[in-house]
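[1] predicted model and sequence follow; I will ask about them next.
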Amino acid sequence: MAQEEVALPLPDPRRVATIELANRHFKPLDGQIIEGRPLVEVILPPGNIGAAANVLRVSEDFDFKILYDVIGVHWPDDEEIEIVYHFAGLTHPDCLALRTRVPQDRPRLPSITADWPAANWHERETMDMFGIVFEGHPYPEPLLLDEDELQGALLKTQQVRNAPDIPARFQERVGKPFRLWNPVRDEVTPTGNGVSDD
């Protein structure tokens with residue numbers, strides 16, 4: 001009995017275009033394009049992550065307007081920490097991921113907040129959880145953890161600790177000033193109303 005041939009779906013033209021653009025813009029930055037996954041992914045050297053993020057921001061070729069996540073992944077066997085930036089578009093369903101790895105013993109990476117202000121809190125959370133230092137970050141203060149807990153809480157090499165008593169921690173902070181953010185751009189004010197104090 002002969003096997004029936006199954007017609008494979010045609011590639012999505014938008015995805016094909018995204019892959020072609022990724023090859024054109026990120027190969028000169030030593031980027032490796034990964035096509036066979038749900039997202040188009042680009043693996044870059046750590047020193048080129050800022051330039052790649054800038055390309056996504058300023059290039060009219062790409063239509064990725066939202067940075068929706070910055071995450072860390074610990075690879076203890078390789079003694080590395082991977083940082084993954086996820087970008088989405090407004091007019092299409094495609095997403096793109098920029099990936100890079102840094103040594104676990106020196107986890108430093110340039111901040112992308114100058115091009116992507118949404119990276120501010122995402123990078124701070126990744127600092128807290130994985131001990132990454134984002135060089136050039138406008139406000140590199142802990143977001144979720146206290147200073148004494150900043151040893152990379154989600155590193156697989158960390159000892160399991162008792163969960164902090166969150167209600168008690170907030171009670172201790174009552175009445176203490178807490179600065180949520182530092183403006184990345186001059187036109188943004190801490191009052192949140194977008195109106196300059198001048």
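    Right, received. Where do you want to start?
[2] for this structure, what spans make up the helices?
    13-26, 49-58, 119-130, 166-173 (DSSP state H).
[3] need those helices in JSON lines (columns: mean neighbour count, distance to D105 and mean pLDDT).
    For every residue, glycine as well, the C-beta is placed using N, CA and C. Listed next are these as JSON lines, based on neighbours: other CB atoms under 10 Å; distance: least, CB to CB, whole Å; pLDDT from 0 to 100:
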{"stretch": "helix 13-26", "mean neighbour count": "16", "distance to D105": "27", "mean pLDDT": "88"}
{"stretch": "helix 49-58", "mean neighbour count": "19", "distance to D105": "19", "mean pLDDT": "95"}
{"stretch": "helix 119-130", "mean neighbour count": "22", "distance to D105": "13", "mean pLDDT": "89"}
{"stretch": "helix 166-173", "mean neighbour count": "9", "distance to D105": "30", "mean pLDDT": "71"}
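[4] in JSON lines: those, plus distance to R101.
    Converted to JSON lines, the helices of the chain look like this (distance: least, CB to CB, whole Å):
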{"stretch": "helix 13-26", "distance to R101": "16"}
{"stretch": "helix 49-58", "distance to R101": "10"}
{"stretch": "helix 119-130", "distance to R101": "12"}
{"stretch": "helix 166-173", "distance to R101": "32"}
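[5] H92: which of the ones you listed is closest?
    helix 13-26 (5.3 Å; CB to CB).
[6] verify the contact between L44 and G31 for me.
    Yes: with contact defined as CB atoms under 8 Å, L44 counts as touching G31 (5.0 Å).
[7] identify the contacts common to the two.
    Shared contacts of L44 and G31 (CB atoms under 8 Å, 6 or more residues apart in numbering): A52.
[8] of the two, which one has the most company?
    Legend: neighbour count by other CB atoms under 10 Å for L44 and G31, higher for G31 (24 against 21).
[9] go through the chain and flag its longest strand.
    In the chain, taking DSSP state E as the definition, the longest strand is strand 64-75.
[10] show me which residues of it are buried.
    Of all the residues in strand 64-75, those buried under the rule 16 or more other CB atoms under 10 Å are 64, 67, 69-72, 74.
[11] tell me the spacing between R124 and G89.
    To G89, R124 is 25 Å away according to CB to CB, to the nearest Å.
[12] what of R37?
    Computed with CB to CB, the distance linking R37 and G89 is 17 Å.
[13] more neighbours: which of those two?
    More crowded of R37 and G89, by other CB under 10 Å: G89, with 16 against 8.
[14] cool, thanks, talk later.
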